[in-house]
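*Asks:* The following block contains a protein sequence and its predicted model.
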Amino acid sequence: MSILDKILGNDDPKTSPAKADGQMQKVLDKQTELGAKPIETLSPEEARRQPTPTDAVKKLLSEQGRDPNDDLGVATRDFTIPGPGGPLQARLYGTQQDKDDGKLSPVVVYFHGGGFVIADLDVYDGGPRGTAKMADCIVVSVHYRQAPENKFPAAHEDAVAAYKWVLENAQTFGGDPQKVAVMGESAGGNLAINVSIAARDQGLPAPVHQVLVYPLVGNDLDNESYVENAQAKPLNKAMIEWFVKHTFNDESETEDPRVNVVGAANVSGLPSTTVILAEIDPLRTEGEKLIDKLEAAGVDVRHKTWHGSTHEFFGMALAVPDAMAAQTFAAHELKRAFGTAILPI
């Protein structure tokens, strides 16, 4: 495989099990050094207090003499928006006050990962911050009700409510309601595509684009990538089984089209899509199946798989080169959809 192919994340023959690249492995090792325990051995409350990959990145940056809290020059503001079960925490990245031309900015509604059980806006800060910076847009990162306190489909209901709120209120924070995209990582990628589906089915203005980063879109825990990465870090099969146990009242609920998107959902008429996958990830195969399903439905799809990287890599741009490349790719595709990309002369 050429250096260019490596940078672009183009496919090469897979080995099993794959090994993480040097910088990626340093993050994984640091998280273990910080005392992270197997999540499947913990209660949800204990798991939420675990050292996260984000903690590991910050520790590495600090040890390298770099600022672990580099804000990339992107202003943020925390606020709440109304949800069906109560107020939802949200964080706005890149305000209109940063601009002096008076123009409304494109908006990305962003949903974090965590298996519908763990994580929050702080754990998933790197992805939306980098997106706001590189795509020159406003990002609204939205928290949602989590299981087991609020089981499926609470998070999905919150995600749709958040999207509706942004459409109705974008101009109040300098956003363009005609240029709203959705984006999410892992479980958040599942929420993002379900927002697009709900917009189609409910007659809402459709997102102009969706960015799905290693999305959770299937329920087959015995497919190729689950077998390859059964013991992988930071996500493995046992962890997914733990998430399923806490998120659903019964495992049969995973057959719902909102969960088993690749097996049961209608994806026709969805917006143009960017799919970003990691090689060392149990969710890789269902992501590949989603790409095929979207393309078969006539959806415009751009996609890349980053080899040597693991689940959760996307937000690690300050420490992992592949993450910077993936964020750059996502930003370019967003700007293309927004009509703000600078085309070559």
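*Replies:* Done, it's in. Numbers count the residues shown, from 1 in each chain.

*Asks:* Please determine how far Ala162 is located from Asp122.
*Replies:* Remark: distance between Ala162 and Asp122 (Cβ to Cβ, to the nearest Å) = 18 Å. Every residue, glycine included, has its C-beta placed from N, CA and C.

*Asks:* With neighbour numbers in mind, choose between the two.
*Replies:* Neighbours per residue (other Cβ atoms under 10 Å) separate Ala162 from Asp122, with Ala162 holding more: 26 against 12.

*Asks:* and that one, what does it touch?
*Replies:* Counting by Cβ atoms under 8 Å, 6 or more residues apart in numbering, Ala162 touches 81, 83, 88, 90, 109, 140, 142, 144.

*Asks:* looking at the residues you listed, which has the most residues close by?
*Replies:* Val109 (29 neighbours).

*Asks:* so what pLDDT did that one get?
*Replies:* Val109 carries a pLDDT score of 99 in this model.

*Asks:* Tell me the bridge partners for it.
*Replies:* Beta-bridge partners of Val109, counted by DSSP bridges, are Val140, Val182.

*Asks:* what bits of the stretch 101-250 of the chain have low per-residue confidence?
*Replies:* 101 (pLDDT under 70).

*Asks:* ok, so of the contacts of Ala162, who is nearest Ser43?
*Replies:* Set against Ser43, the nearest of the contacts of Ala162 by Cβ to Cβ is Tyr144 (20.2 Å).

*Asks:* so how far is Thr54 from the closest residue to the closest one other than its chain neighbours?
*Replies:* Sequence neighbours aside, Asp158 is the residue nearest to Tyr144 in space, at 3.8 Å (criterion: Cβ to Cβ, 6 or more residues apart in numbering). Separation of Asp158 from Thr54 (Cβ to Cβ): 22 Å.

*Asks:* Which of these two has more residues huddled nearby?
*Replies:* Asp158 (24 against 20).

*Asks:* so that one sits right up against Gln146, yeah?
*Replies:* No: if you go by Cβ atoms under 8 Å, Asp158 and Gln146 don't touch, sitting 9.7 Å apart.

*Asks:* Would you map the helices across the stretch 51-200 of the chain?
*Replies:* For the stretch 51-200 of the chain, the helices defined by DSSP state H, counting those that start in this stretch occupy 53-63, 126-134, 154-169, 187-202.

*Asks:* tell me the angle of the third one relative to helix 187-202?
*Replies:* Regarding helix 154-169 and helix 187-202, their directions subtend 60 degrees when assessed with axes from the mean of the first three to the mean of the last three Cα atoms, to 10 degrees.

*Asks:* count of residues packed around Lys30?
*Replies:* 20.

*Asks:* how far away is it from Ala319?
*Replies:* On the measure of Cβ to Cβ, Lys30 and Ala319 end up 9 Å apart.

*Asks:* Find residues that contact each of the two.
*Replies:* In contact with both Lys30 and Ala319: 57, 60, using Cβ under 8 Å, 6+ apart.

*Asks:* Near the closest residue to Thr310 other than its chain neighbours, how many other residues are there?
*Replies:* In this structure, Thr310 finds its nearest non-sequential neighbour in Ile280, 4.3 Å apart by Cβ to Cβ, 6+ apart. The local packing of Ile280 (other Cβ under 10 Å) involves 26 other residues.

*Asks:* next one: Tyr124
*Replies:* Residues near Tyr124, counting by other Cβ under 10 Å: 28.

*Asks:* same deal with Lys304?
*Replies:* Counted by other Cβ under 10 Å, the residues lying close to Lys304 total 17.

*Asks:* if I pick Gln31, what's in contact with it?
*Replies:* Counting by Cβ under 8 Å, 6+ apart, Gln31 touches 51-53, 55-56, 233-234.

*Asks:* Try it again at 10 Å.
*Replies:* Gln31 makes contact with 50-57, 59-60, 233-234, 312 under the criterion Cβ atoms under 10 Å, 6 or more residues apart in numbering.

*Asks:* Identify the farthest-apart pair in the residues you listed.
*Replies:* Greatest spatial distance among the contacts of Gln31 (Cβ to Cβ): Gln50 and Leu60, at 17.2 Å.

*Asks:* Looking at those two now, which is surrounded by more residues?
*Replies:* Counted by other Cβ under 10 Å, Gln50 and Leu60 do not tie: Leu60 has more neighbours, with 21 against 18.

*Asks:* Quick check: that one touching Met24?
*Replies:* No: if you go by Cβ atoms under 10 Å, Leu60 and Met24 don't touch, sitting 11.2 Å apart.
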